[in-house]
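**Student:** got a predicted model here, sequence first, then my questions.
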Amino acid sequence: MNISENIQKYKEELPQHVTLVAVSKTKPIGDVQEAYEAGQRIFGENKVQEMEAKWKELPKDIKWHMIGHVQRNKVKYMAPFVSLIEAVDSPRLLKEINKQAKNNERTIECLLQIKIAEEDSKFGMSEADAKELLTSEAFKNYKNILVVGLMGMATFTEDEAQIRNEFKKLKRIYDDFSKTQKNFSVVSMGMSGDYKIAVEEGSTMIRVGSAIFGERNYG
């Protein structure tokens, strides 16, 4: 399996407005370096310590996305370097990100994670809770974060109609919020198995791991 060729395939296939996040979680630094040399600059991790270790070793023009569920006590470890936190699923987490970004004299971009799947295992806010957060007084006072859009994960199912409907829901919420959120530009939805449907439904950012790097190493 050739990582460089896989990166190239996606770059040729995806529309220009769609950003590819190469999901490098559990993958060795050598694999990330190979993808980097093929021109990939955005990588997604779901564990803060692993992402921090890779950041220290790898070229500094890489943009690191935190794509997994984030515990508030871990935010401080990635605040010095993380480019985008894709899975902000509570007001308390957003408050902590703003605090740690301020401590590092940075502005950190974030996506609110909306729960669009029927599965209980998926994290995320409801549309109503997200709307309440974006219109709150507290949110207006956060000077060190920039919420640039929404993220959502579809149900893990073979039912393409269900997946499509869940992506449609996220895009509808995004379009609604965009009327008042001038910084919105990102709809992050779609992974290795369902990204084609996601792109058709308006995704501007997809997360692909196994289709680039091969199956994950859970050792």
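**Tutor:** Noted; the coordinates are in hand.

**Student:** only alpha carbons, please: show stretch 177-196 as CSV.
**Tutor:** Provided in CSV are the C-alpha atoms of stretch 177-196 (Å, rounded to 0.1, in the frame of the first residue of the first chain):
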residue,chain,number,x,y,z
PHE,A,177,-26.2,29.2,11.6
SER,A,178,-24.2,30.8,8.8
LYS,A,179,-26.8,33.6,8.5
THR,A,180,-25.5,35.0,11.9
GLN,A,181,-22.0,33.5,12.2
LYS,A,182,-19.8,35.4,9.9
ASN,A,183,-16.7,33.2,10.5
PHE,A,184,-18.4,30.0,9.4
SER,A,185,-16.7,28.4,6.4
VAL,A,186,-16.3,24.7,7.3
VAL,A,187,-18.7,21.7,7.2
SER,A,188,-16.6,18.7,8.3
MET,A,189,-18.4,15.5,7.5
GLY,A,190,-17.4,12.3,5.8
MET,A,191,-14.8,9.6,6.4
SER,A,192,-13.2,6.8,4.4
GLY,A,193,-16.5,4.9,4.0
ASP,A,194,-19.0,7.7,3.4
TYR,A,195,-17.0,10.8,2.1
LYS,A,196,-18.4,10.7,-1.4
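
**Student:** ok, residue 170 - contacts?
**Tutor:** Counting by C-beta atoms under 8 Å, 6 or more residues apart in numbering, residue 170 makes contact with 114, 116, 150, 152, 187, 189. For the C-beta atoms, the positions are set from N, CA and C on the backbone; glycine is no exception.

**Student:** my error: substitute residue 134 in the last question.
**Tutor:** Per C-beta under 8 Å, 6+ apart, neighbours of residue 134: 112, 147, 177, 180-181.

**Student:** the longest helix seen in the chain: what's the following helix or strand?
**Tutor:** In the chain, taking DSSP state H as the definition, the longest helix is helix 160-178. Next in sequence after helix 160-178, counting helices and strands by DSSP states H and E, comes strand 186-191.
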